[in-house]
Structures are given as C-alpha cells and as structure tokens.
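Q: the amino acid sequence is not available; the structure is as follows:
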C-alpha cells in the first residue's frame with residue numbers, strides 16, 4: 001500500500017535541494033573578478049596567496065627577458081573604490097580583468113600624497129626628505145633615476161603625463177628620451193621631446209568632448225602616435241592619466257552611471273585636532289557629500305576606460321604579450337572622512353594607501369594577492385632586480401619585492417613612512433597593527449589601533465604609550481637616515497638642515513592655468 005508524502009516532507013526535500021544547489025554553485029562557479037582584499041585590520045595577513053605556482057627568481061627573470069615595461073599611473077585613485085580591492089560598484093571593469101592575471105598588492109602605500117614628490121619617489125626610490133623634490137624645487141641632477149638606469153641597460157624611455165606636477169617643467173621625467181607633453185625648464189636633462197599631439201579623438205566615450213592635455217584621450221593619442229612610429233624595443237613607457245583627480249569632467253554617460261544613487265559607504269568624520277586642516281582650492285572639496293563620491297566614481301570609471309584603451313593600443317601594436325605592465329597611483333583622495341577635504345595634507349589611509357598591480361608578459365606569469373607591506377620606493381629596485389640590471393644599492397632607499405614573490409621572505413618592510421603637507425605637515429609611521437601620526441613641532445600626535453579601529457577614528461596614544469614609543473623610535477631611526485632629517489616631527493627643538501640649492505621651477509602660464517583648474521593654485 002503506497003503512502004502519500006505530506007507537504008512538510010516535500011518542503012524539506014525542496015529546501016535540501018536548493019541548499020545543495022547553492023553549495024555547488026559556490027564551489028564550481030568562476031568568480032567574475034578577483035576576490036576582495038583582506039581587511040587592513042588583519043593581524044597577520046597572508047604574505048603571498050597565488051592562484052599560480054610560486055616562481056623562482058630565475059623563472060621570473062626569464063619571463064621578462066627582452067620585454068618592454070609600461071608603468072601606468074591613475075592619479076588620485078582610492079584603492080577602496082576599485083573592484084579588485086573589494087568595492088561593490090563597477091568602477092574599474094578593465095582593471096578588475098587585469099587583476100585576475102596580475103599580482104595584486106593589498107597593502108601598498110605612497111610616500112607623499114601629492115603628485116610631484118610621490119612621482120619623484122617612484123623614479124628615484126628615495127623618501128621625500130632625501131630626494132627633496134617638492135613645491136618649486138626641481139630634482140638634483142646627480143640623483144640616480146629609473147630612466148637613466150634603464151637607458152644604460154638598453155631601454156628606450158618614453159614619458160606621457162597629463163598632470164603638470166609630473167612634467168619635465170617641474171623637473172619630473174626630463175631624463176626620458178621621448179616626452180609628451182614637452183614642458184622643460186632650461187638646463188633640463190636629456191629628454192628630447194616628441195611631436196605635439198594631433199589632438200584628435202581616440203574612441204572617446206560620449207560625444208562632443210574636447211580633448212585637453214588632462215583628458216585620457218589626449219595622452220592616448222600621443223601613445224598611439226609613438227607606437228605607430230615603431231619605437232625601439234625594449235622600452236619603458238610611463239603613462240600618467242589625470243582622472244579621477246579633480247576637476248571631475250567625466251563624460252555624461254559615465255556620470256549618469258552613479259548620479260543620484262546611494263554610495264556604498266560614506267562617513268562624515270571628525271578630526272581629533274582642530275584648526276590645522278589646510279583645505280584645497282577645488283570647490284568640489286569644500287562641502288563633502290555623497291554626490292561628490294558619485295562624481296569621483298564616474299571619473300574613476302573614466303580612468304579605467306583609459307587603462308583599457310592603453311592595453312588595446314599595446315595589443316594592436318603587437319607588444320602586449322611582450323610587456324611587463326604595472327598599474328599604480330600617486331596617491332588617493334579624501335571625502336572628509338577625517339575632516340580633510342584635500343589630499344596633500346591628509347595622513348590617513350584614504351590617501352596614502354594606493355593600488356599596485358603587476359602583470360607579467362603573456363599568460364604564464366604569477367597571479368594572486370600579496371599581503372606584505374610595500375611602498376612606492378620599492379618599485380625601482382624590484383624592476384631592476386627583475387630585469388637583472390645593476391643599480392647603486394647604496395643610493396636608493398626602497399627594497400626589491402622579489403623575495404616576496406618567490407616565497408623566500410614574508411616581508412621586506414617592517415614599517416611604511418609617508419609625509420604630508422598641511423599646516424602643520426605630518427608624518428605617518430604605519431605597520432599592520434598601528435598607525436602613528438606625528439605633526440611638525442612634536443606636540444600634536446595620534447595613534448590608531450588598526451586591529452580594533454581600522455577606520456582610524458579613536459586616538460589611543462594615551463592608552464598605548466609603549467606602542468607609541470616603539471613607533472616613535474622606528475621614526476627616529478628612519479629620520480636620521482634622511483638627507484634632511486625630519487627630527488622636528490619628534491622634537492620641537494630639533495633644528496632642520498638647510499636644503500641644498502637646486503634650480504627653481506619657472507612655471508609657464510599654461511601650467512599655472514592647469515594647476516588652478518586642479519585646485520592647487522588660487
């Protein structure tokens with residue numbers, strides 16, 4: 001005699017089938033983009049988590065032998081607004097696809113949240129108080145640079161930048177062989193300059209968009225011209241996109257992607273010290289709001305479009321599969337989370353933590369996540385170590401990341417050090433556990449427990465004096481090793497060393513107009 005199954009039993013079976021289906025989907029589905037980065041609050045982050053086998057140094061050098069090098073910088077890119085670093089919005093689809101085949105560095109930091117000193121740190125592997133290239137000071141001509149070292153190794157060097165702070169006129173990039181745009185001061189290095197851009201449209205998103213120097217289309221047009229001229233190989237190409245930096249000029253269709261929508265996260269923070277914030281001149285930053293975040297995300301999408309176009313140009317030129325592609329930023333941006341409304345003065349993670357992706361030639365290179373602390377100054381020795389090119393080890397301050405990538409070391413840096421401007425300026429000493437903020441004059445200080453407070457909202461310097469003392473000692477050892485020791489950040493009585501004389505920048509009217517538009521000049 002058959003027995004009829006009750007509705008409760010059938011419902012239970014149905015629930016089990018659904019749960020099994022969900023579990024199978026999670027196991028077998030292919031992720032659309034790389035997993036999100038681990039939290040900054042992680043006490044002991046995994047130093048290396050590869051989706052490929054761990055390579056040896058010899059294997060890595062074989063992968064790049066004879067290859068080109070492209071360093072792509074997207075200006076003011078907040079790492080926590082990128083999909084491959086865990087952001088829920090689709091702001092960086094091209095970069096996310098790149099990340100799936102790249103090494104993604106989760107805890108990468110700049111040395112100064114302003115373009116000129118940050119780019120100088122990238123090109124010299126020196127901290128700001130040693131390269132001394134900021135404000136109207138040009139770079140000391142005796143300083144070893146990436147372009148000079150790679151030229152000796154047979155590289156042809158090309159420089160493309162849409163930011164006037166990162167330009168030969170400011171003493172940045174004037175040692176490259178091919179420069180666009182050509183802005184140099186008298187007495188520049190060996191840069192010869194390239195032909196002026198033809199100023200045309202290059203698969204521009206939207207319609208009716210004029211092409212100015214700071215728009216990605218302009219730089220891409222110059223890269224396209226340069227590649228069409230069949231440049232000597234191997235080459236180093238430095239490509240600096242202006243977006244998502246203000247002013248927010250993304251095409252309307254990109255602005256519409258986020259306009260009026262609730263942002264994934266937005267916090268109006270309070271700063272622990274009153275009366276020392278130096279606001280920028282850009283009007284967008286005077287009243288932080290969620291809509292400001294929407295505009296920023298639209299401009300980040302525009303920068304991502306530029307990165308995708310750049311990769312397509314390299315493919316069309318037949319050099320993509322023989323190119324080591326590095327994507328990073330000079331600094332992040334702030335929306336008022338800690339009271340700051342302009343990036344150069346902000347000493348918090350929203351501006352000093354930046355992206356770093358390294359994509360090896362072809363599809364045989366290592367891919368995955370790197371959780372160790374890394375800094376902008378580490379790129380030069382990493383590149384030279386990888387290409388097996390000699391460099392003056394006693395003349396740089398960064399450290400090669402090769403031991404991390406080969407699994408020979410779990411860390412190369414115990415701390416990162418980042419300097420800011422502002423009134424007064426600040427220094428950040430940071431590891432995984434804590435972030436110490438030291439303000440010039442030695443009186444204003446803050447300590448954040450990153451494990452308990454990853455958002456850096458509670459100053460615990462009085463509650464954790466031993467930890468603060470440990471980081472202050474780390475800063476003291478760092479400071480005395482600099483060309484101009486910044487000991488006055490510890491001791492208000494410490495005397496600063498006079499800076500060595502260098503040629504001052506003579507700014508053109510065009511650069512002055514551009515810097516006013518960017519909010520740097522009033």
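A: Right, received. Where do you want to start? All values derive from a computational prediction rather than experimental measurement.

Q: quick check: end-to-end length of stretch 218-236?
A: Start and end residues of stretch 218-236 are separated by 19 Å (C-alpha to C-alpha, to the nearest Å).

Q: centroid-nearest residue for this protein?
A: residue 329 (2.4 Å; C-alpha atoms, centre = their mean).

Q: tell me, how many residues neighbour residue 373?
A: 23 (other C-beta atoms under 10 Å). Every C-beta, even on glycine, is put in place using the N, C-alpha and C of the backbone.

Q: and it, what does it touch?
A: Residues in contact with residue 373 (C-beta atoms under 8 Å, 6 or more residues apart in numbering) are 107, 109, 411-416, 430-432.

Q: repeat that with 10 Å
A: Listed by C-beta atoms under 10 Å, 6 or more residues apart in numbering, the contact partners of residue 373 are 45, 47, 105-109, 404, 411-416, 430-432.

Q: what number of residues lie near the closest residue in space to it that isn't next to it in sequence?
A: Counting by C-beta to C-beta, 6 or more residues apart in numbering, residue 413 is the residue found nearest to residue 373 once chain neighbours are left out, at 4.5 Å. Look at residue 413: counted by other C-beta under 10 Å, it has 20 neighbours.

Q: ok so, going back, per-residue pLDDT, the residue nearest to the centre of the chain?
A: Note on residue 329: pLDDT of 97.

Q: show me what contacts the closest residue to it other than its chain neighbours?
A: Spatially, and ignoring its direct neighbours in sequence, residue 329 is nearest to residue 77 (3.8 Å; C-beta to C-beta, 6+ apart). When contacts are counted by C-beta under 10 Å, 6+ apart, residue 77 touches 91-92, 95, 241, 243-245, 296, 299-300, 303-304, 327-333, 354-355.

Q: same check, this time on residue 323
A: Contacts for residue 323 (C-beta under 10 Å, 6+ apart) come out as 64, 67-70, 233-235, 237, 311, 314-315, 317, 359-362.

Q: need the phi and psi values for it.
A: Taking degrees, to the nearest 10, you get phi -130, psi 130 for the backbone angles of residue 323.

Q: list the beta-bridge partners for it.
A: Listed by DSSP bridges, the beta-bridge partners for residue 323 are residue 68.

Q: likewise for residue 428?
A: On the basis of DSSP bridges, residue 428 takes part in beta bridges with residue 418, residue 437.

Q: distance from the chain centre to the lengthiest helix in the chain, please.
A: The helix that spans the most residues within the chain, counting by DSSP state H, is helix 290-316. From the chain centre to the centre of helix 290-316 is a distance of 14 Å (C-alpha atoms, centre = their mean, to the nearest Å).

Q: swap in stretch 442-458?
A: How far stretch 442-458 lies from its chain's middle: 23 Å, per C-alpha atoms, centre = their mean.

Q: list the buried ones in it?
A: Across stretch 442-458, burial judged by 16 or more other C-beta atoms under 10 Å covers 442, 445-450, 455-456.

Q: on that earlier part again, just the contacts of residue 77: which are in strands?
A: With strands taken from DSSP state E, the overlap with the contacts of residue 77 comprises 241, 327-328.

Q: got a winner among those residues for most neighbours?
A: Neighbour counts for these (other C-beta under 10 Å) peak at residue 241, which has 29 neighbours.

Q: next up, the contacts around the nearest residue to residue 340 once chain neighbours are set aside.
A: The spatially closest residue to residue 340, leaving aside those adjacent along the chain, is residue 346, at 3.9 Å (C-beta to C-beta, 6+ apart). Residues counted as contacts of residue 346 (C-beta under 10 Å, 6+ apart) are 113, 271, 277-278, 331-334, 336-340, 352, 420-422, 426, 428.

Q: with residue 78 instead?
A: Contacts for residue 78 (C-beta under 10 Å, 6+ apart) come out as 85, 87, 91, 244, 293, 296-297, 300, 329, 331-335, 343, 349-351, 353-355.

Q: got it, and residue 350?
A: Under the criterion of C-beta under 10 Å, 6+ apart, the neighbours of residue 350 are 78-81, 113, 269, 331-338, 340, 343, 455-456.

Q: can you map out the strands along the chain?
A: Using DSSP E, the strands of the chain run over 48-50, 68-74, 103-109, 156-161, 178-180, 235-241, 323-328, 356-359, 368-375, 416-419, 426-430, 434-439, 445-449.

Q: what's the angle between the fourth one and helix 290-316?
A: Counting by axes from the mean of the first three to the mean of the last three C-alpha atoms, to 10 degrees, strand 156-161 points 150 degrees away from the direction of helix 290-316.

Q: before we move on, what about the last one?
A: Counting by the same axes, to 10 degrees, strand 445-449 points 70 degrees away from the direction of helix 290-316.

Q: rewinding a little: would you mark the buried spots in the longest helix of the chain?
A: For helix 290-316, by 16+ other C-beta under 10 Å, it's 291-311, 313-314.

Q: quick check, pLDDT for residue 247.
A: 88.

Q: against residue 425, how distant is it?
A: Distance, residue 247 to residue 425, by C-beta to C-beta, to the nearest Å: 25 Å.

Q: where in the protein is pLDDT low?
A: 1-45, 135-136, 181-213, 268-271, 274-288, 501-522 (pLDDT under 70).

Q: let's go with 80 and repeat that
A: For the chain, residues meeting the criterion pLDDT under 80 lie at 1-46, 134-138, 164-167, 169-171, 181-214, 266-288, 339-342, 423, 495-522.

Q: residue ranges of the helices in it, please?
A: Taking DSSP H to define them, one finds helices in the chain at 7-28, 57-64, 93-99, 115-124, 128-131, 146-152, 216-228, 252-256, 290-316, 349-352, 379-386, 402-405, 465-480, 509-517.

Q: do you know which of those lies nearest residue 140?
A: helix 128-131 (7.6 Å; C-beta to C-beta).

Q: what comes into contact with the closest one?
A: Applying C-beta under 10 Å, 6+ apart, the external contacts of helix 128-131 come out as 111-112, 114, 116-118, 120-121, 123-125, 134, 137, 139-140, 143, 145, 377, 395-397, 417-420, 427, 478-479, 481-486, 489, 496-497, 499.

Q: buried subset of the residues you listed?
A: Among the contacts of helix 128-131, the ones that count as buried by 16+ other C-beta under 10 Å are 111-112, 114, 116-118, 120-121, 123-125, 134, 137, 139-140, 143, 145, 377, 396-397, 417-420, 427, 478-479, 482, 484-486, 489.

Q: leaving out chain neighbours, which residue sits closest to residue 296?
A: residue 244 (5.6 Å).

Q: if we can go back for a sec, CSV please, covering the strands of the chain and showing distance to residue 264.
A: Listed next are those as CSV, based on distance: least, C-beta to C-beta, whole Å:
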stretch, distance to residue 264
strand 48-50, 24
strand 68-74, 20
strand 103-109, 19
strand 156-161, 31
strand 178-180, 37
strand 235-241, 23
strand 323-328, 22
strand 356-359, 21
strand 368-375, 21
strand 416-419, 25
strand 426-430, 24
strand 434-439, 23
strand 445-449, 22
